[in-house]
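K.L.:
this is a predicted model, with the sequence first.
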Amino acid sequence: MAKRIDVSDLDIYYGAFKAVEGVNMTVEPRSVTAFIGPSGCGKSTMLRTLNRMHEVVPGARVEGKVLLDDQDLYGPDVDPVAVRRVVGMVFQRPNPFPTMSIYDNVASGLKLNGVRNKATLDAAVERSLKGANLWKEVQDRLNRPGGSLSGGQQQRLCIARAIAVEPQVLLMDEPCSALDPISTLAIEDLVAQLKEKYTIVIVTHNMQQAARVSDNTAFFNLAGQGKPGKLIEMDSTQRIFSNPSEKATEAYITGRFG
Amino acid sequence: MSESSLATPGTSFDADLTGGRSKARGAKNILAAVLVSACFAIALIPLAWILWTVASKGLHLLLDINWWQQSQRGITSRTDGGGAYHALVGSLITALACAAISVPIGVLGAVYLVEYGRKGRLARAVSFMVDIMTGIPSIVAALFVYALWVTIFGFERVAFAVSLSLVLLMVPAVLRVTEEVLRLVPNELREASYALGVPRWKTILKIVIPTAFSGIVTGVMLGLARIMGETAPLLILGPYTKSINFNPFSGNMAALPTMINQDRTESLQPAVDRTWAAALTLVLLVLLLNIVARAIARFSAVRDR
Ligand SMILES: Nc1ncnc2c1ncn2[C@@H]1O[C@H](COP(=O)(O)OP(=O)(O)OP(=O)(O)O)[C@@H](O)[C@H]1O
Ligand SMILES: [Mg+2]
């Protein structure tokens, strides 16, 4: 199920602008990897290259390799649509489909990919909502619109939607930044559970969160305005937060800059 | 405005909360309110006047069930009776044929502009053409279709030719509205769909268009309401008849505007009454389309509560 990601010599561009440069990293299966770093250093950009969402932006492209269990995601005959079925994504702001009910939101990935069987869908919806810790709250109102939920519930709905298609990797871009502390905790607990099945990469601005949920942490930084962001170091979270090898990492983590 | 003292940095709040509302400002406020209301009332006068005139002179015919069931066949300007069924049917058939062509072109064109063309050269060219088409007077559209349909192809003047000329007016209307509502669909929804491994075309079909659906329908309805009242294409391409005709491809077909135009020149009371009644029917039809558009917009609007 869960897959390992190997990134080598990755440069990421928006048109002529090089946003991220020379990334080499390995993301272990069934682990949580946190991306941290100051705003604009390219965490989201980096994350979006892992499921080929980056190229949705006009003019955006990458150079280098991203291997998912030995398969190059940017290989010549790889279909980005197929990649995104394997590598799911949760966004910073909850974005349930406004025309759909809670049920349909969760089932949307399956339905839009051609699954019609009602029993299969019912089972997937229940399993995903339970997986996202939302089942108890919504089980008796599955036909209500997705937009009728609170922000934290909507975000968990989006997580349910993402795991309903059974991806092997789950990318989360600041999934808690729009949420209150209680919803945040709910999502952190969820991440801890999900990592038993999925490989998870999470972007966060919250140091405590990174320390709490992740096994490994990657610190990104950029040399200055208009310069590309770089991966400064990546190590086990415990090491990054107790004894990082780079000065910049220590400075960032202790809050002396960024 | 004296409220600005609240926003001025450095001004303490308790200093100037009550003192700002001077007498002069109160007077100005009243003056502005009166002016605005007066302008509104003035704008309403012609509207109310038209409605009143048309209703008071035509309503009694509409209350007769025959008006909705009979044509004018065999009825002269001297005789009472008959109805507007033939013209109502003709107007609806002409409009529906027009919509059947315009809606796909307009919606797909807008999808191209918003989802695929972005700011490419072709998209800009299309956008420019649509701007020009928006400004085409209906008589020019009608003459264009006449030149094509009658002069070049040698076909008869039929209702379908009228529909074709109305297409030239309706496509830009539908396209512009659709374009606007498609742009309002947040990009996050498209990304959410892509991230589920849904291909682009399916995302557009199943996520983007449904989200914008009520807006598109409203645009179509308003476009229909607009072309229903167009008269020049009918005068040039759609000769009037007093009989019922369901076939837009052959024979003459009546329409409400040409029915009005037909009886307009008569001085005898039955014909005059029918003129007003047909006018009222047209107004009601357009009103109905507007109401339906609003109802759809309200009830199928994005569900959030
Ligand atoms: N769609 C885009 N087009 C062009 N440049 C972009 C685009 N998105 C991001 N960038 C640029 O790429 C760089 C990295 O941005 P990115 O959003 O990845 O940063 P980030 O680390 O996620 O920041 P934050 O913590 O604020 O979310 C920035 O310089 C940004 O201006
Ligand atoms: Mg970001």
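P.N.:
Sure thing, it's come through. Computed from a prediction, not measured in an experiment: that's the story for all the values here. Ligands and ions are numbered 1, 2, ... in the order given.
K.L.:
show me where the chain has its helices.
P.N.:
In the absence of a named chain, chain A is used. A:43-49, A:80-86, A:102-112, A:118-131, A:135-138, A:151-164, A:181-194, A:207-213, A:237-242, A:247-253 (DSSP state H).
K.L.:
um, chain B though
P.N.:
B:4-7, B:23-62, B:66-69, B:85-111, B:121-134, B:138-146, B:159-184, B:187-195, B:200-203, B:209-228, B:232-237, B:256-264, B:269-299.
K.L.:
of all those helices, which one is nearest A:Gln139?
P.N.:
helix B:187-195 (23.0 Å; Cβ to Cβ). In short, each C-beta sits where N, CA and C put it, glycine included.
K.L.:
just checking, what packs against that closest one?
P.N.:
Under the contact criterion of 3 or more Cβ pairs under 8 Å, 6 or more residues apart in numbering or on different chains; DSSP states H and E, helix B:187-195 touches helix A:80-86, helix A:151-164, helix B:200-203.
K.L.:
A:Ser108 versus the residue of the stretch 51-200 of chain A found nearest chain B, what's the distance?
P.N.:
Chain B sits closest to A:Arg85 of the stretch 51-200 of chain A, with a gap of 3.1 Å, by Cβ to the nearest Cβ. Distance of A:Arg85 to A:Ser108, computed by Cβ to Cβ, to the nearest Å: 13 Å.
K.L.:
list the residues that contact both of those two?
P.N.:
B:Leu196 (Cβ atoms under 8 Å, 6 or more residues apart in numbering or on different chains).
K.L.:
those two: who's more crowded?
P.N.:
A:Ser108 (23 against 19; other Cβ atoms under 10 Å in any protein chain shown).
K.L.:
you'd agree the more buried one is up against A:Phe97?
P.N.:
Yes: shown here, A:Ser108 and A:Phe97 form a contact pair, counting by Cβ atoms under 8 Å, at 6.1 Å.
K.L.:
out of the helices of chain B, nearest to A:Asn51?
P.N.:
So among those, helix B:187-195 is nearest, using Cβ to Cβ, at 6.7 Å.
K.L.:
list the buried residues in that closest one.
P.N.:
The neighbour-count check on helix B:187-195 (16 or more other Cβ atoms under 10 Å in any protein chain shown) flags B:189-195 as buried.
K.L.:
how about the residues of chain B near chain A?
P.N.:
B:118, B:186, B:188-199, B:202-203, B:206-207, B:210-211, B:213, B:302-305 (Cβ under 8 Å from any Cβ of the partner chain).
K.L.:
swap in 7 Å and give it another go.
P.N.:
Neighbours of chain A within chain B, by Cβ under 7 Å from any Cβ of the partner chain: B:118, B:188-189, B:191-192, B:194-199, B:202, B:206-207, B:210-211, B:302-305.
K.L.:
residues touching residue 210, list them.
P.N.:
Just so you know, I chose chain A. A:Ala210 is in contact with A:34, A:36, A:204, A:217, A:237, counting by Cβ atoms under 7 Å, 6 or more residues apart in numbering or on different chains.
K.L.:
that answer is for a different chain, and I need it for chain B
P.N.:
Counting by Cβ under 7 Å, 6+ apart, the residues that B:Pro210 touches are A:Thr99.
K.L.:
that one and B:Leu284, how far apart?
P.N.:
From B:Pro210 to B:Leu284 the distance is 31 Å (Cβ to Cβ).
K.L.:
off-centre distance for the least confident helix or strand in chain A by mean pLDDT?
P.N.:
When each helix and strand of chain A is scored by mean pLDDT, DSSP states H and E, helix A:181-194 comes last, with a mean of 88. Centroid separation for helix A:181-194 versus its chain: 14 Å, with Cα atoms, centre = their mean, to the nearest Å.
K.L.:
taking helix A:118-131 as reference, get the angle to that helix.
P.N.:
120 degrees (axes from the mean of the first three to the mean of the last three Cα atoms, to 10 degrees).
K.L.:
for ligand 1, what is the nearest residue in the stretch 201-305 of chain B?
P.N.:
B:Thr203 (18.3 Å; Cβ to the nearest ligand atom).
K.L.:
and that residue, how many neighbours?
P.N.:
Count around B:Thr203 with other Cβ under 10 Å applied: 21.
K.L.:
in chain A, where is pLDDT below threshold?
P.N.:
A:1, A:256-258 (pLDDT under 70).
K.L.:
what's the most buried one of the helices and strands packed on helix B:187-195?
P.N.:
When those are scored by mean count of other Cβ atoms under 10 Å in any protein chain shown, the highest mean neighbour count falls to helix A:151-164 (a mean of 25).
K.L.:
what about stretch A:26-42, start to end distance?
P.N.:
17 Å (Cα to Cα, to the nearest Å).
K.L.:
A:Tyr103 contacts A:Arg144, correct?
P.N.:
No: counting by Cβ atoms under 7 Å, A:Tyr103 does not reach A:Arg144; the two are 9.1 Å apart.
K.L.:
who's in contact with the spatially most central residue of chain B?
P.N.:
Nearest to the mean C-alpha position of chain B, by Cα atoms, centre = their mean, lies B:Leu222 at 2.8 Å. The contact partners of B:Leu222, by Cβ under 7 Å, 6+ apart, come to B:Ala293.
K.L.:
repeat the analysis, applying 10 Å as the threshold.
P.N.:
B:173-174, B:177, B:286, B:289-290, B:293-294 (Cβ atoms under 10 Å, 6 or more residues apart in numbering or on different chains).
K.L.:
near chain B, which residues of the stretch 101-250 of chain A? Just list them.
P.N.:
A:101, A:105, A:108-114, A:144-149, A:158, A:161-162, A:164-165, A:167, A:171 (Cβ under 10 Å from any Cβ of the partner chain).
K.L.:
keep only those of those that are also close to ligand 1.
P.N.:
Taking Cβ under 6 Å from any ligand atom as the test, ligand 1 is in contact with none of these.
K.L.:
and A:Ala218, what does it touch?
P.N.:
A:7, A:23, A:25, A:27, A:33-37, A:43, A:46, A:201, A:203, A:210, A:231-235, A:237, A:240.
K.L.:
can you rerun that using 7 Å?
P.N.:
A:Ala218 neighbours (Cβ under 7 Å, 6+ apart): A:25, A:33, A:35, A:231, A:234.
K.L.:
now swap in A:Leu129 and tell me
P.N.:
Counting by Cβ under 7 Å, 6+ apart, A:Leu129 has contacts A:106, A:135, A:138, A:160.
K.L.:
one more time with 6 Å
P.N.:
A:135, A:160 (Cβ atoms under 6 Å, 6 or more residues apart in numbering or on different chains).
K.L.:
swap in A:Gly146?
P.N.:
By Cβ under 6 Å, 6+ apart, the neighbours of A:Gly146 are A:96, A:100, A:102, A:105, A:157.
K.L.:
which one of these sits closest to B:Thr79?
P.N.:
A:Met100 (58.9 Å).
K.L.:
distance check, the closest residue to the closest one other than its chain neighbours against ligand 1.
P.N.:
Leaving aside its sequence neighbours, A:Met100 sits nearest to A:Gly146 (Cβ to Cβ, 6 or more residues apart in numbering or on different chains; 5.9 Å). Using Cβ to the nearest ligand atom, to the nearest Å, A:Gly146 is found at 25 Å from ligand 1.
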